[in-house]
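**Student:** no FASTA, just this:
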């Protein structure tokens with residue numbers, strides 16, 4: 001069933017909500033032009049405001065009147081006339097030839113440049129080839145009416161779109177979310193937790209914060225577009241921001257740029273950036289780059305420093321691989337191997353099924369028993385139990401966590417101090433595992449928060465049967481260990497859980513099963529979780545499936 005919003009001007013109301021929100025909470029970050037826009041916008045006629053928002057929501061800044069056909073707005077020429085007087089749009093803008101080619105269809109270009117595209121070769125050429133042919137003689141910019149004197153429709157350019165983009169950034173705290181968040185929420189397709197957002201929760205504390213974000217975003221977009229790394233690094237803000245949230249974004253981009261140099265085998269620049277970077281994994285990559293550059297003594301010295309105080313389980317795993325290799329290269333004594341806890345192995349040889357199938361589903365069907373149901377859960381169950389138990393801690397309204405009403409989770413979710421900043425709240429949640437009240441808390445949150453967006457709860461994979469079996473068969477001590485490990489490093493540890501879980505409700509026990517088909521192998525994050533579970537006495541097995549050979 002397709003849901004339809006009854007209010008034809010829903011997008012206008014949502015835009016006004018953003019302006020009101022920013023005017024109330026961020027007035028001290030706005031300049032005179034932005035404040036004037038927020039103050040003047042409600043005074044414009046409704047059809048003018050609606051057309052303006054429609055243009056803001058669309059790509060680009062050039063709009064032909066014929067492409068602005070909205071029934072609730074009516075005549076676009078009449079609607080944008082007040083916008084011209086306000087100076088927010090201009091009519092008959094000056095266009096470069098490239099802009100005109102982006103705007104017009106190929107038949108329209110053929111009519112506009114009939115004399116210049118007279119030869120069959122140019123007439124049948126692609127638009128890009130026609131543009132290159134015309135550029136030497138028609139490269140000057142000119143008004144749209146000069147390019148197309150016979151055009152029956154006006155063209156307008158919206159002039160304040162950068163201003164509106166800046167307001168969108170201030171509201172959402174990022175440039176990845178846009179106005180559709182309102183629509184999806186109004187349609188009921190997404191529901192968000194209602195957090196009491198205070199003045200202290202602002203993501204941007206100064207106008208400089210907004211400027212820094214925009215500079216970082218521009219560098220990130222240039223990097224994604226394949227621009228020369230040296231040029232992007234040169235323009236990357238060199239100082240650490242006085243804003244932990246922004247500083248984290250800068251460190252992540254620095255890490256990605258270092259990876260870019262590493263792919264180019266530019267070991268010097270890669271090492272230089274990794275050394276400057278505080279993003280998780282940067283030190284391990286620096287060791288690897290030194291090894292690739294055959295600077296083995298430096299690599300081993302950094303390895304020893306890291307080994308004395310690993311930053312995470314992921315780094316410890318990386319060091320366990322690279323350390324022996326460096327030791328052999330330098331003729332050092334063999335490093336002692338770390339003994340992993342024994343892991344149960346299950347080997348299956350089954351006939352290959354016909355029709356549609358998937359490896360985990362084949363194993364699940366084979367192991368399933370009436371008294372021992374099997375579920376495909378992968379990361380869904382453990383994260384969901386954690387998210388339901390610790391809901392109030394995850395959505396605690398602490399400064400810098402929530403900036404607007406459309407958060408799926410806190411903005412600092414992957415920050416190293418995510419747990420530390422909420423230690424009291426998480427401590428209270430985990431304490432329920434000790435007194436037995438956790439089952440009722442999880443059930444209550446499951447009922448009351450059903451369908452509300454969460455970074456941990458997989459609503460589509462969870463149902464009451466699975467939830468009740470998990471609460472009955474998974475000991476509180478095991479659930480605590482899962483929660484503690486997730487909290488130790490949310491980014492690294494919220495994935496890697498085994499694929500299947502089997503319950504024996506009559507016996508109150510369970511086992512987790514990682515499934516590997518022919519030729520498949522365990523990934524690093526899976527190895528870490530399996531090793532962790534085995535080390536803490538939690539039942540886990542790895543199932544290796546092979547297909548029976550046809551007779």
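**Tutor:** Yep, that arrived. Just so it is clear, the structure is predicted and the values come from calculations on it, not from any experiment.

**Student:** Only the buried residues of stretch 296-314, if you could.
**Tutor:** 296, 299-300, 302-303, 306, 310-314 (16 or more other Cβ atoms under 10 Å). The C-beta positions use only the backbone N, C-alpha and C, and glycine is treated the same way.

**Student:** Who is residue 513 paired with across the strands?
**Tutor:** residue 500, residue 541 (DSSP bridges).

**Student:** who are the neighbours in contact with it?
**Tutor:** The contact partners of residue 513, by Cβ atoms under 8 Å, 6 or more residues apart in numbering, come to 346, 363, 367, 374, 498-502, 540-543.

**Student:** and with 7 Å instead?
**Tutor:** Residues in contact with residue 513 (Cβ atoms under 7 Å, 6 or more residues apart in numbering) are 498-500, 502, 541, 543.

**Student:** in the stretch 151-300 of the chain, what spans have low per-residue confidence?
**Tutor:** Within the stretch 151-300 of the chain, the set of residues satisfying pLDDT under 70 comprises 183-189, 240.

**Student:** Repeat the analysis, applying 90 as the threshold.
**Tutor:** By pLDDT under 90, the low-scoring segments of the stretch 151-300 of the chain are 151-153, 171-192, 194-206, 237-249, 280.

**Student:** could you pull out the strands for it?
**Tutor:** Under the criterion DSSP state E, counting those that start in this stretch, the stretch 151-300 of the chain contains strands at 155-158.

**Student:** The closest residue to residue 72 other than its chain neighbours: how many residues sit nearby?
**Tutor:** Distance criterion Cβ to Cβ, 6 or more residues apart in numbering; nearest residue to residue 72, sequence neighbours excluded, is residue 8 at 3.9 Å. The tally of other residues near residue 8 (other Cβ atoms under 10 Å) stands at 12.

**Student:** any idea whether the residue lying closest to residue 71 once chain neighbours are set aside is helix, strand or coil?
**Tutor:** Spatial nearest neighbour of residue 71, excluding adjacent residues (Cβ to Cβ, 6+ apart): residue 8 at 7.8 Å. Secondary structure state of residue 8, per DSSP: H, G, I helix; E, B strand; the rest coil, is coil.

**Student:** does residue 8 really touch residue 70, like I thought?
**Tutor:** No - contact criterion Cβ atoms under 7 Å: residue 8 and residue 70 do not qualify, at 8.8 Å.

**Student:** who's in contact with stretch 533-550?
**Tutor:** Counting by Cβ under 7 Å, 6+ apart, 341-352, 359, 363, 478, 481, 498, 510-518, 522, 530 sit against stretch 533-550.

**Student:** for stretch 141-148, same thing?
**Tutor:** Here stretch 141-148 makes contact (Cβ under 7 Å, 6+ apart) with 92-96, 100, 112, 155.

**Student:** Now restrict the residues you listed to buried residues only.
**Tutor:** For these, buried by 16+ other Cβ under 10 Å: 93, 95, 100, 112, 155.

**Student:** mind putting these in CSV, secondary structure included?
**Tutor:** Converted to CSV, the buried ones among the contacts of stretch 141-148 look like this (three-state DSSP):
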residue, secondary structure
93, coil
95, strand
100, helix
112, helix
155, strand
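
**Student:** Tell me where the stretch 401-550 of the chain has helices.
**Tutor:** 423-435, 438-448, 464-473, 476-488, 490-493, 524-535 (DSSP state H, counting those that start in this stretch).

**Student:** For residue 101, list the residues it contacts.
**Tutor:** Contacts of residue 101 by Cβ under 7 Å, 6+ apart are 109, 127, 131.

**Student:** That one should be in a strand, yeah?
**Tutor:** No - read with three-state DSSP, residue 101 is helix and lies in no strand.

**Student:** buried stuff in stretch 272-282?
**Tutor:** For stretch 272-282, the neighbour count (16+ other Cβ under 10 Å) marks 272-274, 277-282 as buried.

**Student:** actually stretch 336-354, not the one I typed
**Tutor:** Buried, per 16+ other Cβ under 10 Å, within stretch 336-354: residue 343.

**Student:** Quick one: end-to-end distance for that stretch.
**Tutor:** Length of stretch 336-354, first residue to last, Cα to Cα, to the nearest Å: 48 Å.

**Student:** coming back round to it: hmm, which two among the buried residues of stretch 272-282 are most spread apart?
**Tutor:** By the measure Cβ to Cβ, 272 and 280 form the most distant pair in those, at 18.6 Å.

**Student:** any idea which residue sits dead centre in this protein?
**Tutor:** Centroid-nearest residue in the chain: residue 176, 8.2 Å away (criterion: Cα atoms, centre = their mean).

**Student:** Tell me who's in contact with that one.
**Tutor:** Counting by Cβ under 7 Å, 6+ apart, residue 176 touches no other residue.

**Student:** and the gap between it and residue 361?
**Tutor:** From residue 176 across to residue 361, the span is 34 Å (Cβ to Cβ, to the nearest Å).
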